[in-house]
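Undergrad: Sequence first, predicted coordinates after that:
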Amino acid sequence: MNDSPSDPVHLRDLARLRRVRDRIDREYAQPLDVEALARGAHMSAGHLSRQFRAAYGESPYSYLMTRRIERAMALLRAGGLSVTEVCFAVGCSSLGTFSTRFAELVGMPPSVYQRQSAAATEGMPACVAKQVTRPIRNREAPAEGPDVA
C-alpha cells in the first residue's frame, strides 16, 4: 500500500480511523472492544490496531482507556460517587483493571486521587481543572505522581 498522504486508500483509512476515534470519544462508557470497532470501520482488528497506532501513537484499546480515565478523573473530582461506582460509570467492568490503568496514567490510585484532587481543584473552573489534571498517555506518569496538592 502506498502511504503517501494523497493516496486514495490512505485517505480512506484515515477517515475510517477518525470515525473510530470519534466513536470511542462518544461511546467510551459502552462495552467496546477492538473487534467491534474494527467491524464498524470495515477493517480487520489487526489492521485497525496497526493503522490506529501509526496515526495516533497508541492502540485503540489504550485510547479508549485514556478516555475512560479522563472521565473518571472528572467524576472523582466532582465527588458523590465511590471509586467502584466511577469504574462502572465509565464503562470498565473490572475494578482491578480500572485501578491499575488509572495509576499508570495518573501516577496514583483512584482513591488517592479522589482525596487529593477535591481540594486541589476547589474553586477552579471545570475547563481549567480538566486541562491541568489531564492524564498522561503511554505510561508517562512520573514515579512520584503529579503535583495536585
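TA: Perfect, I can see it now. Numbers count the residues shown, from 1 in each chain.
Undergrad: Please make it C-alpha for all contacts and neighbour counts, starting now.
TA: Noted.
Undergrad: Give the other helices and strands that the helix or strand of the chain with the lowest mean pLDDT contacts.
TA: Every helix and strand in the chain was compared by mean pLDDT, DSSP states H and E; the lowest is helix 126-132, with a mean of 73. Using 3 or more Cα pairs under 8 Å, 6 or more residues apart in numbering; DSSP states H and E as the contact definition, helix 126-132 packs against no other helix or strand.
Undergrad: at 10 Å what do you get?
TA: helix 60-78 (3 or more Cα pairs under 10 Å, 6 or more residues apart in numbering; DSSP states H and E).
Undergrad: Would you agree residue 51 is in contact with residue 15?
TA: No. At 11.4 Å, residue 51 does not count as touching residue 15 under the criterion of Cα atoms under 10 Å.
Undergrad: So for the two, which sits in the more crowded spot?
TA: Higher neighbour count among residue 51 and residue 15: residue 51, with 20 against 13, using other Cα atoms under 10 Å.
Undergrad: so who does the more buried one touch?
TA: Residue 51 makes contact with 10, 13, 14, 16, 17, 45, 57, 58, 59, 60, according to Cα atoms under 10 Å, 6 or more residues apart in numbering.
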